[in-house]
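A.B. asks: I need the structure of the sequence given here:
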Amino acid sequence: MSRQPIHDVHDRRRHPRHRCHGPIDFRIQGWHLRKGRILNLCLDGCLIEPQLATDCVAGDQIEMRFQVNRLTFLAQCIVRRVQPSGGIAVEILFLSDRSRRQLKELLDELALLCPPDAEG
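C.D. replies: Numbering: from 1, shown residues only. Model (predicted):
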């Protein structure tokens, strides 16, 4: 499984995104539990692919629990964009200090596995 940073000339993110995979459980506006998978991750947010279509819109609050490389994170987020394909781009608003440190270490590890200049 390759993990690569995703680069886009029009990308407004402050931190590079890294492709990764893992399960995710989330609640939109505190309602029903939904499942999906995480597609990419950065220090400020991620892109998730729900198993089933959702009716969420930009601005909705999301509580989510996700796992990447056997590390589990619990975060409070906001939906920034919903793609036509159903993917949900979220910004992480709150993550505990410990989880933030673990996320930074995870992202550093993913960057070492596939540095930006190795992308072809």
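
A.B. asks: quick one, what contacts residue 58?
C.D. replies: 79, 80, 81, 82 (C-beta atoms under 8 Å, 6 or more residues apart in numbering). Just so you know, the C-beta spots here come from the backbone N, C-alpha and C atoms, and that holds for glycine as well.

A.B. asks: Next one: residue 77 relative to residue 28, how far apart?
C.D. replies: In this view, residue 77 and residue 28 are 10 Å apart by C-beta to C-beta, to the nearest Å.

A.B. asks: Which stretches in the protein count as helices?
C.D. replies: Remark: helices assigned in the chain by DSSP state H are 97-113.

A.B. asks: Give me the most central residue, it.
C.D. replies: Here the mean C-alpha position of the chain is nearest to the C-alpha of residue 46 (C-alpha atoms, centre = their mean), at a distance of 2.1 Å.

A.B. asks: shouldn't that one be in contact with residue 92?
C.D. replies: Yes - with contact defined as C-beta atoms under 8 Å, residue 46 counts as touching residue 92 (7.4 Å).

A.B. asks: Bridge partners for the residue nearest to the centre of the chain, pull those for me.
C.D. replies: On the basis of DSSP bridges, residue 46 is bridged to residue 41, residue 90.

A.B. asks: ok, it - contacts?
C.D. replies: By C-beta under 8 Å, 6+ apart, the residues touching residue 46 are 17, 38, 39, 40, 66, 89, 90, 92.

A.B. asks: From what I see, the third one and residue 47 are in contact.
C.D. replies: Yes - contact criterion C-beta under 8 Å: residue 39 and residue 47 qualify, at 4.6 Å.
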